[in-house]
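Engineer: With the input below, show me the fold.
(one chain, ligands or ions: 2)
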Amino acid sequence: MLRSCAKIFPKIYLRTFQARFSCCSKSSQKNNLAAVLHGIGDLRLENRPMPIIKDNQVLLQMETVGICGSDVHYLVEGRIGPFVVKNPMVIGHEASGTVLEIGKKVKTLKPGDRVAIEPGVGCRVCTFCKDGRYHLCPDMAFCATPPIDGNLCRFFAHDADFCFKLPEHLTLDEGALMEPLSVAVHSCKRANVRLGDVVLVVGAGPIGLTSLLAARAYGASAVLITDLAEHRLNKARELGADYVFKVEKNMPEEELVKEIKCLLRVDPNITIECTGEESSIRASLQVTKTGGVVVLVGLGKFDLNLPIFPLFREVDVRGIFRYNNDYPQAIEMVQSGKANVKPLITHHFAMEDTVKAFETARTGAGNPIKILIHANPVWKICE
Ligand code: NAD
Ligand code: ZN
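Structural biologist: Numbers count the residues shown, from 1 in each chain. Ligands and ions are numbered 1, 2, ... in the order given. Purely as a prediction, here's the structure:
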């Protein structure tokens with residue numbers, strides 16, 4: 001029996017290949033249940049038309065969709081910066097699925113393949129796309145960034161070259177986590193993390209925790225991670241952080257800088273900032289070793305008051321925007337055993353309980369880290 005209540009793992013997922021394909025039977029093809037955001041606080045489950053694939057696309061049975069902070073932001077605020085939810089929009093972009101059908105020109109995938117879905121596709125013709133920096137494309141169509149629909153639905157059509165086949169031994173839940181892990185891979189590439197680096201990660205949310213995993217996988221010899229919340233630091237310890245530091249709210253920045261240097265015994269040559277908080281960015285700039293790199297991942301206010309002097313110690317500050325050709329490395333990291341994303345998963349919900357899942361994400365009840373929603377109607381958990 002399908003259990004729709006929220007359950008903290010461990011669980012056993014019962015799926016069968018045949019059951020997955022039974023979802024594609026003619027009778028259910030009209031039923032493309034989707035989680036649609038109508039406005040602030042107004043998330044509804046409703047039927048959307050079945051997608052029709054183009055020649056370069058695949059039709060996917062959606063499987064696992066993670067809730068990202070940005071999804072919650074759209075639910076609570078109705079906007080992120082210039083992106084405003086003006087019309088009903090399907091939510092969700094951290095996802096995996098199973099290929100049901102392929103378009104005429106698709107050669108790389110076949111029905112039954114399980115894939116991680118990279119949610120943003122560039123226009124393919126602008127200078128950014130042509131230069132291979134498609135993530136900067138001004139016409140990027142990115143799932144659940146208004147006005148583009150996301151993929152928390154039963155069926156979804158997506159360009160085949162943005163669907164990455166999962167190795168046999170990776171689960172569809174791990175597949176959904178390739179999205180935040182790709183952000184972390186991109187951050188490490190921007191910082192050029194290498195063997196022997198000493199890395200500070202500021203903030204132990206899903207992005208900070210995946211940055212910790214990616215930095216280790218790229219060879220960092222020591223990683224210190226900070227957060228305000230003890231449960232997040234405990235997760236960081238479980239994931240292999242060498243050092244953790246609990247930041248007290250309103251802690252003077254000189255004290256924070258001193259504590260970090262004292263714990264590491266050296267200045268971190270790379271800092272990956274994953275909070276977007278002014279105080280954290282100020283401390284990141286000051287604590288980073290002369291000649292080092294600060295990567296800004298966390299998004300905060302448009303205007304910040306930041307010290308300029310670290311730049312004259314040749315500390316390079318680099319922002320990052322999502323990912324760009326990073327899914328293959330993210331998958332490789334997990335398939336090779338260099339990164340284990342499974343401990344990030346704290347909660348599972350059936351799609352029917354999407355509103356409850358978002359309420360859990362919004363309130364933080366039960367200390368969630370990564371909440372997964374299961375879109376396949378045959379997804380079951382048993383105790
Ligand atoms: P999250 O809110 O779950 O995690 C942020 C963590 O930072 C929390 O655990 C919080 O307790 C901690 N924190 C807050 N203030 C702190 C402080 N002063 N010192 C130490 N820790 C502190 O968010 P997330 O999903 O992990 O994402 C992190 C950030 O990255 C967000 O700002 C998000 O918008 C951003 N993001 C950016 C990109 C990009 O492309 N640049 C992509 C994805 C996410
Ligand atoms: Zn483009």
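Engineer: Might you name the residue of the stretch 151-300 of the chain sitting closest to ligand 1?
Structural biologist: Closest approach between the stretch 151-300 of the chain and ligand 1, counting by CB to the nearest ligand atom: G205, at 2.0 Å. Bear in mind the C-beta positions are built from the backbone N, C-alpha and C, glycine included.
Engineer: show me the contacts for that residue.
Structural biologist: Contact analysis of G205 by CB atoms under 8 Å, 6 or more residues apart in numbering lists 69, 227, 232, 274-275, 369.
Engineer: Could you do L37 as well?
Structural biologist: L37 neighbours (CB under 8 Å, 6+ apart): 43, 74-75, 85, 88-91.
Engineer: Drop anything exposed from the contacts of G205.
Structural biologist: 227, 232, 274-275, 369 (16 or more other CB atoms under 10 Å).
Engineer: What is the nearest of those to ligand 2?
Structural biologist: Within the buried ones among the contacts of G205, proximity to ligand 2 (CB to the ion) peaks at C274, which comes in at 27.1 Å.
Engineer: contacting residues around the helix or strand hosting A157?
Structural biologist: If you go by DSSP states H and E, A157 is part of strand 155-159. By CB under 8 Å, 6+ apart, the surrounding residues in contact with strand 155-159 are 32, 50-54, 56-62, 95, 97, 100, 117, 121, 151.
Engineer: For the helix or strand following it, what is the distance to the chain centroid?
Structural biologist: Counting by DSSP H and E, the element after strand 155-159 in chain order, helix or strand, is strand 163-165. Taking the mean of its C-alpha atoms, strand 163-165 sits 16 Å from the chain's own mean (CA atoms, centre = their mean, to the nearest Å).
Engineer: go on, stretch 226-240?
Structural biologist: That offset, for stretch 226-240, works out to 18 Å (CA atoms, centre = their mean).
Engineer: Could you list the buried residues of that stretch?
Structural biologist: Result for stretch 226-240 [16+ other CB under 10 Å]: buried residues 226-228, 232-233, 235-236, 239.
Engineer: Sitting in helices, which of the residues you listed do you find?
Structural biologist: 232-233, 235-236 (DSSP state H).
Engineer: hmm, back to that, any idea how far the residue of the stretch 151-300 of the chain closest to ligand 1 is from N151?
Structural biologist: 22 Å (CB to CB, to the nearest Å).
Engineer: same deal with L200?
Structural biologist: 34 Å.
Engineer: Tell me which of these two has more neighbours.
Structural biologist: L200 (30 against 26; other CB atoms under 10 Å).
Engineer: is it true that the more buried one touches N269?
Structural biologist: No. L200 is beyond contact range of N269, at 9.2 Å (criterion: CB atoms under 8 Å).
Engineer: any shared contact partners between the two?
Structural biologist: Both L200 and N269 are contacted by T288, under the criterion CB under 8 Å, 6+ apart.
Engineer: Spell out which residues of the stretch 1-150 of the chain are next to ligand 2.
Structural biologist: Selection of the stretch 1-150 of the chain residues close to ligand 2 by CB under 5 Å from the ion yields 122-123, 126, 129, 137.
Engineer: which of the residues you listed sit farthest apart?
Structural biologist: G122 and C126 (7.2 Å; CB to CB).
Engineer: Quickly list what's touching both of these two.
Structural biologist: Common neighbours of G122 and C126 (CB under 8 Å, 6+ apart) are 137, 139.
Engineer: The host helix or strand of K356 and ligand 1, are they touching?
Structural biologist: Using DSSP H and E, K356 falls within helix 354-363. No. With CB under 6 Å from any ligand atom as the criterion, ligand 1 is not reached by helix 354-363; the gap is at least 9.2 Å.
Engineer: Return the following helix or strand past that helix as PDB; C-alpha atoms alone will do.
Structural biologist: Counting by DSSP H and E, the next helix or strand C-terminal to helix 354-363 is strand 370-374. Output of strand 370-374 as PDB, limited to C-alpha atoms (Å, rounded to 0.1, in the frame of the first residue of the first chain):
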ATOM      1  CA  LYS A 370      17.300  17.300   1.900                       C
ATOM      2  CA  ILE A 371      13.600  16.500   1.500                       C
ATOM      3  CA  LEU A 372      12.700  14.300  -1.500                       C
ATOM      4  CA  ILE A 373       9.300  14.000  -3.200                       C
ATOM      5  CA  HIS A 374       8.500  10.800  -5.100                       C
END
